Structure formats: structure tokens, C-alpha cells
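>>> give the three-dimensional model of this entry:
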Amino acid sequence: STTNTCAPSGANSIPSPAAPSSLASKSKILERCEYVFDQLLPQADEELSNHLHNSAKVAPSLFLMRWIRLLFAREMHVVEVLRLWDMIFADSYLHWTATEEMSLPLVNYMAVSMILQVRGTLMSGDNTACLQRLMRYPPVDHVEPLVGRALRLRDGEKALRPRIVSEADGGADSSVREVIEKK
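Presented below is the predicted three-dimensional model:
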């Protein structure tokens, strides 16, 4: 007789549910969100990280998943999104190595840069206020200062809070433009 290789053999061959380890495995996007929130943010600003983790108890997946999946497309004007994407893809092309675990590494630092940009609101807020600010990010008129900070964070500088760009000054200063142009 012929044997069906696709059919289970034996009387006790009811398919078992997925193993717990496969259920517990995280998606790559969730791993990335946790990496940004649990590793990169504390390196950049330990005080803010502690506040978001312990006091405000913010779940990173609630806002970072959208930011990263859409590459920040909902957080800024279309023209700025296109400029940001150019910088993200150019950076990835210029700095990619075969050992990179995550593609588009500047995305991680851009997320940290955006969190640092709204630090004042986050530090004074509870869970609801923090999530509101992160999920309804203020308009970004000029992406260069955020990208400049992201590049400096990636290159190892810590905190980078002294030069927080206000809406009143229109965005980029010459030093940030120089950093971007050098990259």
C-alpha cells in the first residue's frame, strides 16, 4: 500500500499546539522597539528612560511600532518624511556592514532623537500625558536637527540635550547641517 507522507502516522498523531517557545518568540519589529526603548534610550538619557519605564510605565510598542513600521511617515510633513527617508537610506548604504543585525540602523537612533526632543513634556507627564505626546507627536517642520542628533547618538555621544530645537527658531542650526552634510 502507498503511504501518504503528509498524513500523520499512528493513533496518537493529533497535531499538538505550537510549542511554548514559538508562541513566546517576538516579532522583529517588537524586538526593535524594545531595543530602542530598553537599551538605546537609557544610554542617551537615563533620567528620562527611568521616568518612562518606572513612573509613567509607558509600553514602547504603543508608539514605537507605528513610528518604525511607517518610518515616521505619520509624525511629520510629507516633504520632511521624504528628506528623512533619503537620509535613512543613504546612511544605511554608506554604513552598512555584513554584521548588521538590524537593517536601517539610523531608524533606531531617530526614534531616540524624537523621544529626546519632547523630553520636557514627557518628564512632567504621567502615563496618559506621555502616550498622548508620543502618539500625537508635535509637527516637525525641519528634520535636520532630529537627524543630526540621531547621527551623533549613533556615533557615541551621550544625551545631546543642550541643543533642543524649539519651534520658534525654525529648526536646523548650521552645526547640525554640517553633521548631516559630512555623513
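>>> does anything pack onto the longest helix seen in the chain? Which helices or strands?
In the chain, assigned by DSSP state H, the helix with the most residues is helix 78-95. In this structure, helix 78-95 packs against helix 106-117, helix 144-154, with contacts taken as 3 or more CB pairs under 8 Å, 6 or more residues apart in numbering; DSSP states H and E. Quick note: C-beta positions are derived from backbone N, CA and C, even for glycine.
>>> need those helices in JSON lines with distance to residue 132, mean pLDDT and mean neighbour count, can you?
As requested, these are arranged in JSON lines below (distance: least, CB to CB, whole Å; pLDDT from 0 to 100; neighbours: other CB atoms under 10 Å):
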{"stretch": "helix 106-117", "distance to residue 132": "14", "mean pLDDT": "97", "mean neighbour count": "23"}
{"stretch": "helix 144-154", "distance to residue 132": "20", "mean pLDDT": "96", "mean neighbour count": "24"}
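>>> got a markdown table for these, with distance to residue 66 too?
Conversion of the helices and strands packed on helix 78-95 to a markdown table gives the following (distance: least, CB to CB, whole Å):
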| stretch | distance to residue 66 |
| --- | --- |
| helix 106-117 | 11 |
| helix 144-154 | 17 |
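>>> so which of those helices gets nearest residue 133?
Closest approach to residue 133 among those is made by helix 106-117 (9.6 Å; CB to CB).
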